[in-house]
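**Q** what's the 3D shape of this:
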Amino acid sequence: MRKSLEGLMHMVKDIEYSGNLPDALKPFHVYIVDCGHCIMGVPNEFRDEVGIPKDFLHMFIKPELWDVLGGNDSYKYEVPIPVQFVLNNDFWVMGDCVYVDVLYDRVLGVQVDEEYYEFDVRENPMHSESDNALTMHEVGKPYSGAIPYAEGGYFDMTDSGGQLTVFYNRPNAKEIDSIRKGELKVALTVKDGCIFLLVKFGDLPWMDMPYNAHLSKNLSKLEEPNSTESYGLLVTLVDVSNREVKAIRLLGLPNRLSVTLKRAIEEQLRTPPVSSYENNVRVDAIYRRYRTKDLLSFASVQQCC
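**A** Numbering: from 1, shown residues only. Reported below is the predicted structural model:
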């Protein structure tokens, strides 16, 4: 087991790659439930931080001198990168480390198009469901969806309303209680064609979530809310350390925000479709310029639920 996989073994499956994989890459192959067939590689941008891998240096330096020179922590920079992306782009194997020319965001993770991901549907039934199938979760039971590598909130719209999933690493009692029953403040911002839903549960900090309707697989229509109606919002809190659902809450978005969100989605859908990769690049560009407090100051509507 690669050291970089410590803490992720509950997500790893022993599934061989059926395609043509070069021998040099076989030691780096892993199958992860959320990512499919991947190569544990280091994004090329971290090459200077990692330094020269220990196994590579040993070809030129006596082993007894290694402790004097110091080792490296290349495993700390390893991330799962889809096999097909690696095979179709530049990579370099140096000792026990493989560098890949891939775009990486320290918040969003590896940025590649969805077409590169390869899943085994026998081990990933959620990837064989129809696009309109929605999974019901229960508090105390495992979360069946994909688990991100960074804490935060993720928003999506479906024909049934909004879905907000919050991922925390070992949430404490205050965080669970705040999300389960604390006052919810919501705001909506549209910046450079990207929709951002911002939420604040009780005394917890504001969090922002980018959204692009082109990527919503379970959204085929949006009902027009009248003056007394609004979109529902299903909130789910997940502990990323063990996939356990810690809280579920259903509430309604304010009418004004619902109407504003519908207008923003309709405007977004009039623009050319984008891939997940293209959308992440756009969002990343916005995050480099603005913080959450900036996005909140741009909000066209801010209300309490």
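**Q** all contacts plus neighbour counts: C-alpha atoms, from now on.
**A** Noted.
**Q** does the residue nearest the centre of the chain sit in a helix, a strand or a coil?
**A** For the chain, P148 is the residue whose C-alpha lies nearest the centre (C-alpha atoms, centre = their mean; 4.0 Å). Of the three states, P148 takes coil according to DSSP: H, G, I helix; E, B strand; the rest coil.
**Q** Give me the pLDDT for it.
**A** At P148, the pLDDT value in this model is 72.
**Q** Contacts only, for it.
**A** 167, 240 (C-alpha atoms under 8 Å, 6 or more residues apart in numbering).
**Q** Tell me the spacing between the closest residue to G182 other than its chain neighbours and C304.
**A** Leaving aside its chain neighbours, G182 sits nearest to G202 (4.6 Å; criterion: C-alpha to C-alpha, 6 or more residues apart in numbering). G202 is 11 Å from C304, where distance means C-alpha to C-alpha, to the nearest Å.
**Q** With E138 instead?
**A** Taken as C-alpha to C-alpha, the span from E138 to C304 is 26 Å.
**Q** again, but for P148
**A** 28 Å.
**Q** quick one on the thing from earlier: give the residue from G202 and C304 that has the larger number of neighbours.
**A** Counted by other C-alpha atoms under 10 Å, G202 and C304 do not tie: G202 has more neighbours, with 18 against 13.
**Q** What confidence value was assigned to the more buried one?
**A** 93.
**Q** show me the residues around it that make contact.
**A** 178-179, 182-184 are the contacts of G202 under C-alpha under 8 Å, 6+ apart.
**Q** now do A247
**A** 139, 176, 179-180, 235-238 are the contacts of A247 under C-alpha under 8 Å, 6+ apart.
**Q** make it 6 Å
**A** 139, 180, 236-237 (C-alpha atoms under 6 Å, 6 or more residues apart in numbering).
**Q** Quick check: pLDDT value at it.
**A** 94.
**Q** Over to F155. Which of the three states is it?
**A** Relying on three-state DSSP, one would call F155 strand.
**Q** Next one: it from P273, what distance?
**A** Applying C-alpha to C-alpha to F155 and P273 gives a distance of 18 Å.
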